[in-house]
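S.K.: Got a predicted structure here, sequence first:
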Amino acid sequence: MYNEFSFTIKSIDFDENYRPADSTRITTNFANLARGSHRQENLRNTLRMIDNRFNALAHWDNPKGDRYTVELEIISVEMNIDGASRSGALPLIEILKTNIIDRKTGERIEGIVGNNFSSYVRDYDFSVLLPEHNKDQSGFSTPENFGDLHGKLFKCFVNSSAYQEHFAKQPVICLSVSSSKTYHRTENQHPVLGVEYQQDECSLTDEYFRKMGLKVRYFMPPNSVAPLAFYFSGELLGDYTNLELISTIATMDTFQKIYRPEIYNANSAAGTSYQPSLKHQDYSLTRIVYDREERSRLAKKQGKFAEEQFIKPYQAVLQQWSATHAF
């Protein structure tokens, strides 16, 4: 028998001196930026892009466009089963926390936790379990209960005392829109989030995040060229201040320009009806080196790690826990 899962939260600054810890998920996008001969230049340019984007959106009482700077923390979540595991705490999730520095007043304003989202179990689900399930099938399908365990683990973490002691608000995850779906512009417009888009059918990622207790809305912020997907649990427009929302937009719009320039650094903006494509050719590259092929290769490797170190060794415990936790 077991009692319950417990979580440990660790934080490291994401700045120009950041070096990925040995235990970090090396498929994490910000870890990818922080390796190689261009490491420090990559980080410095990324942070400058985030600050510039933030100040462009927070333009009131900001005539020189330099009032604010954004500080980022990488939040690593480790999980223990009954206070111990076979080889120490099990790495579970990595997310980003934004903090806003107002240079005019000297105030440090807490931003949003979430933003980027990395998970060993998600790597297992999408890079190991899903391909194996579809290996001998003529059509695409998902395994029974796909995403259930991951969703319950995420909810368990967000509802934990560890989360509530560290963070005042629920997380917001901001991702790229799906290249397999078509998005339609609506008449709804928010001063910071921009124009809202909707789609007729949920993507696999939307369904996966729904099992984590997160709803989704799609907005194309001012001066962006494609909508972003915002995953949240409460009220996106009511629970967060404009500066909090801007910190997420500035951070994730910058990362997406680096990760998916075909979509987010395209030379023309999304129209009334929009289907993203990574095959789009009319786009500009940033001056930041990012190895997308390496990230795809490593996702499978780390999915296998999750299978060998977590899914298989704790299969009976996880099945028993999952069966008794409906959330």
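M.R.: Nice, I can see it.
S.K.: going forward, measure contacts and count neighbours with C-alpha atoms only.
M.R.: Noted.
S.K.: Only alpha carbons, please: show the helix or strand where D253 lies as CSV.
M.R.: Following DSSP states H and E, one finds D253 within helix 242-259. The C-alpha trace of helix 242-259 is given here as CSV (Å, rounded to 0.1, in the frame of the first residue of the first chain):
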residue,chain,number,x,y,z
ASN,A,242,-3.2,43.0,-18.1
LEU,A,243,0.5,43.0,-17.1
GLU,A,244,0.2,39.3,-16.1
LEU,A,245,-1.2,38.4,-19.5
ILE,A,246,1.4,40.5,-21.3
SER,A,247,4.1,38.6,-19.5
THR,A,248,2.9,35.3,-20.9
ILE,A,249,2.3,36.7,-24.4
ALA,A,250,5.7,38.3,-24.5
THR,A,251,7.4,35.2,-23.4
MET,A,252,5.6,32.6,-25.4
ASP,A,253,5.2,34.8,-28.6
THR,A,254,9.0,35.1,-28.5
PHE,A,255,9.6,31.4,-28.0
GLN,A,256,7.2,30.4,-30.8
LYS,A,257,9.0,32.8,-33.2
ILE,A,258,12.1,30.8,-32.4
TYR,A,259,10.5,27.3,-32.4
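S.K.: Show me what it is packed up against.
M.R.: helix 39-57, strand 90-102, strand 108-119, strand 172-176, helix 261-264 (3 or more C-alpha pairs under 8 Å, 6 or more residues apart in numbering; DSSP states H and E).
S.K.: Go again with 6 Å.
M.R.: Contacts defined by 3 or more C-alpha pairs under 6 Å, 6 or more residues apart in numbering; DSSP states H and E place helix 242-259 against helix 39-57.
S.K.: Buried residues of the helix holding D253, list them for me.
M.R.: 243-259 (16 or more other C-alpha atoms under 10 Å).
S.K.: got the residue ranges for the helices in the stretch 151-300 of the chain?
M.R.: Counting by DSSP state H, counting those that start in this stretch, the segments of the stretch 151-300 of the chain that form helices are 161-166, 204-210, 242-259, 261-264, 292-306.
S.K.: Show me what L175 bridges to in the sheet.
M.R.: Per DSSP bridges, the residues bridged to L175 are A229.
S.K.: That one: neighbouring residues, count only.
M.R.: 20 (other C-alpha atoms under 10 Å).
S.K.: Can you give me the distance of it to G106?
M.R.: L175 sits 31 Å away from G106, going by C-alpha to C-alpha, to the nearest Å.
S.K.: now L236
M.R.: 27 Å.
S.K.: Of these two, give the one with the bigger neighbour count.
M.R.: Neighbour totals were compared for L236 and G106, and L236 leads with 17 against 9 (other C-alpha under 10 Å).
S.K.: which stretches of this structure have low pLDDT?
M.R.: 1-3, 21-37, 82-88, 290-296, 326-327 (pLDDT under 70).
S.K.: give me the beta-bridge partners of the closest residue to E107 other than its chain neighbours?
M.R.: Counting by C-alpha to C-alpha, 6 or more residues apart in numbering, I101 is the residue found nearest to E107 once chain neighbours are left out, at 6.0 Å. With DSSP bridges applied, I101 shows beta-bridge pairing to T69, R108.
S.K.: I'd like the numbering to begin with 143 instead of 1 from here.
M.R.: Sure, I'll start numbering at 143, so the last one becomes I243.
S.K.: hang on, isn't I243 packed against L214?
M.R.: No: with contacts counted by C-alpha atoms under 6 Å, I243 stays clear of L214, the gap being 10.9 Å.
S.K.: For those two, work out which one has more neighbours and name it.
M.R.: Neighbour comparison, I243 and L214: the larger count goes to L214, with 21 against 17 (by other C-alpha under 10 Å).
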